[in-house]
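Enquirer: model the structure of this input:
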Amino acid sequence: MKIFPGATGFGTNTPAGRGGTIRKITNLNDSGPGSLSGEIQNNSTILFEVGGVINLENNLSISGNNITIAGESAPYPGITLTGKGVRISGQDIFIRHIRVRPGLSRGNPGDSVGHSKGAERVIWDHCSISWSTDEVMAWFGVSNTSADGGVGPKDCSALQCIISEGLNNTKHSAGPFIGNWVGPISLIGCIMAHNKFRNPGFKNGSSGIVSNCLIYGAAKASPLGYSSFNGNSPVKLSYVGNVFRKSPETTATYWHYIGNDTSMAGSEIHQNDNILDGIDFIKSSGTKYLTNIAPIWINDLVPLPSVDVYNSTLSQAGARPTEDNPTDDRLKNQIIKGIGSSISTIELNEINSIQSSSRPLDGLLPNNPLTIRSDGYTNLEHWLHEEALKLEGIQITTQPPKEIDMSDFPGLDALLSKVSALSNRISIIEANMNNDSLDLKELQLTFSDDSTKKLVST
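Expert: Numbering: from 1, shown residues only. Alright, predicted model coming up:
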């Protein structure tokens with residue numbers, strides 16, 4: 001089952017911290033009891049009783065497994081990490097509605113977010129990540145197949161995140177980076193803005209999907225299939241339903257180019273329904289790798305048409321998009337106006353303007369938070385999902401069950417009579433009811449051993 005209802009992307013079947021210990025963050029300290037770094041443990045869900053800025057003295061290391069960091073549980077203005085970045089080598093990690101902006105206060109931070117070998121099923125959903133001196137977001141590659149077994153980070157996703165403003169002070173303003181023998185990785189519904197290049201960059205042997213993303217202000221083209229080692233190592237990539245928009249800084253005449261053609265034999269790159277603002281998808285020397293069929297895909301991924309992506313990402317991408325945030329607001333305003341460029345110094349006033357807040361979770365959390373409901377999610381997960389939807393501006397509507405007079409729907413009566421021979425109980429999970437018709441969407445059958453099976457209308 002998915003980490004949350006409707007999640008789509010590689011690794012989204014992770015349970016993360018489901019059913020684990022609830023740990024509360026009660027202060028904004030860098031370390032110690034009640035701090036974020038002090039409370040991260042295996043098999044846990046991290047909830048916040050505070051909001052504001054956590055100034056990290058060291059990278060926040062997540063090396064354990066089965067951890068959920070629920071930024072949606074924090075009071076306004078949410079959680080922003082600065083000073084240092086995040087490093088992940090654990091498995092089954094879910095991070096939602098968090099901002100990561102290291103900046104320069106503790107020297108060059110390197111990547112804002114980095115995943116190393118061992119990281120699997122790591123999901124970032126609705127996060128805002130920026131102000132790195134290397135890549136803003138990276139999945140580090142392994143050196144070669146013989147020494148490392150060809151296994152880098154895999155089955156990871158960034159969903160509806162803002163990945164922006166890689167700092168140019170080291171001449172390396174770079175966006176998402178997927179290293180050698182990494183993947184599959186999916187970037188879905190994200191904004192990549194004011195990163196000079198690598199929007200994204202895929203190295204040899206990597207695989208991934210880029211779908212429904214808005215890329216703005218890429219000054220230079222981004223490489224695909226580039227490597228420091230020899231040997232054939234093809235890429236498998238699918239780009240569907242994306243929007244590329246120029247800024248005054250953009251000089252590129254194509255989105256991508258092939259970095260190391262000598263090791264690309266067997267590569268497959270698919271692109272479809274991408275709006276490219278007058279540039280080519282790939283430099284002419286790379287067109288031989290283009291395929292009509294996606295070499296890699298996710299069965300339940302149904303992309304938006306590219307014409308809808310601009311408005312969708314601007315309204316939905318990033319942490320807590322319905323709330324004001326000086327950095328995300330400035331960035332989106334620049335995209336709308338077609339202005340701005342990469343930066344070399346952080347907007348310190350934007351960090352300093354974020355106020356601290358606190359409120360207890362007592363009385364807010366559901367009763368029996370770790371009890372699992374019939375749909376497989378815990379009471380706590382249902383509460384967190386509702387909190388996330390509020391922050392994303394999605395209305396939650398529930399209606400009381402309705403009694404149905406079977407004589408009004410003879411077709412339904414006949415259908416249920418047939419199905420009832422197979423099961424002990426039939427539940428209508430979803431249906432649209434009009435005055436004279438009933439459109440069934442989903443049924444659930446319960447058998448004598450209490451197992452269930454869903455029937456979904458096509």
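Enquirer: just want the phi and psi numbers for residue 175.
Expert: When read as degrees, to the nearest 10, the backbone of residue 175 gives phi -90, psi -140.
Enquirer: what ranges in this structure fall below the confidence cut-off?
Expert: Counting by pLDDT under 70, the chain contains low-confidence residues at 143-150, 227-232, 397-458.
Enquirer: and it, what are its domain boundaries?
Expert: With domains defined by automatic domain parsing, the chain comprises 21-352, 406-456.
Enquirer: most tightly surrounded among those?
Expert: Among those, ranked by average contacts under mean count of other Cβ atoms under 10 Å, first place goes to domain 21-352 (a mean of 21). To be clear about C-beta, it is placed using only N, CA and C from the backbone, and glycine gets the same treatment.
Enquirer: can you give me the end-to-end distance of that one?
Expert: 33 Å (Cα to Cα, to the nearest Å).
Enquirer: next one: stretch 116-131
Expert: 20 Å.
Enquirer: from the middle of its chain, how far away would that stretch be?
Expert: Between the centre of stretch 116-131 and the centre of its chain there are 7 Å (Cα atoms, centre = their mean, to the nearest Å).
Enquirer: likewise for stretch 195-203?
Expert: On Cα atoms, centre = their mean, the centre of stretch 195-203 falls 17 Å from that of its chain.
Enquirer: what residues does that stretch touch?
Expert: Residues outside stretch 195-203 that contact it (Cβ atoms under 8 Å, 6 or more residues apart in numbering) are 135-136, 141, 163-166, 168, 173-180, 182, 187, 192, 208, 210, 215, 217-227, 235, 237, 249, 255, 259, 342.
Enquirer: circling back to that earlier point, dump the domains of the chain to JSON lines, plus distance to residue 15.
Expert: Shown next, in JSON lines, are those (distance: least, Cβ to Cβ, whole Å):
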{"stretch": "domain 21-352", "distance to residue 15": "6"}
{"stretch": "domain 406-456", "distance to residue 15": "19"}
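Enquirer: among these, which comes closest to residue 393?
Expert: For the domains of the chain, distance to residue 393 was read as Cβ to Cβ. The smallest value, 4.5 Å, belongs to domain 21-352.
Enquirer: can you tell me the element residue 350 falls in?
Expert: Per DSSP states H and E: residue 350 is located in helix 348-352.
Enquirer: tell me the strands beside the host helix or strand of residue 61, with direction?
Expert: For residue 61, the host element (DSSP H and E) is strand 60-62. Note on strand 60-62: by DSSP bridges, its sheet partners are strand 86-88 (parallel).
Enquirer: is residue 87 in a bridge, and if so with what?
Expert: For residue 87, the beta-bridge partners under DSSP bridges are residue 61, residue 114.
Enquirer: for it, give me its contacts.
Expert: So residue 87 contacts 59-62, 114-116 (Cβ under 8 Å, 6+ apart).
Enquirer: what's the nearest residue to residue 103 if we skip its chain neighbours?
Expert: The shortest distance from residue 103 to any non-neighbouring residue, by Cβ to Cβ, 6 or more residues apart in numbering, is to residue 346 (4.0 Å).
Enquirer: hang on, isn't the one you found packed against residue 108?
Expert: No: Residue 346 is beyond contact range of residue 108, at 12.0 Å (criterion: Cβ atoms under 8 Å).
Enquirer: returning to what we had before: after the strand holding residue 61, next one along is what?
Expert: Following strand 60-62 toward the C-terminus (DSSP H and E): strand 67-70.
Enquirer: now do the contacts for residue 175.
Expert: So residue 175 contacts 135-137, 163-164, 166, 192, 195, 197-201, 218, 222 (Cβ under 8 Å, 6+ apart).
Enquirer: quick check, residue 285 in a helix?
Expert: Yes: judged by DSSP: H, G, I helix; E, B strand; the rest coil, residue 285 forms part of a helix.
Enquirer: now it: closest residue in space that isn't a chain neighbour?
Expert: Closest residue in space to residue 285, ignoring its immediate chain neighbours: residue 258 at 6.1 Å, by Cβ to Cβ, 6+ apart.
Enquirer: which residues are in contact with the one you found?
Expert: Under the criterion of Cβ under 8 Å, 6+ apart, the neighbours of residue 258 are 223-226, 264, 282-283, 285-286, 289.
Enquirer: now with 10 Å?
Expert: 223-226, 235, 264, 267, 269, 282-283, 285-289 (Cβ atoms under 10 Å, 6 or more residues apart in numbering).
Enquirer: quick check, nearest of these to residue 295?
Expert: Using Cβ to Cβ, those come closest to residue 295 at residue 269, 7.8 Å.
Enquirer: all helices for the stretch 101-250 of the chain, in order.
Expert: 145-148 (DSSP state H, counting those that start in this stretch).
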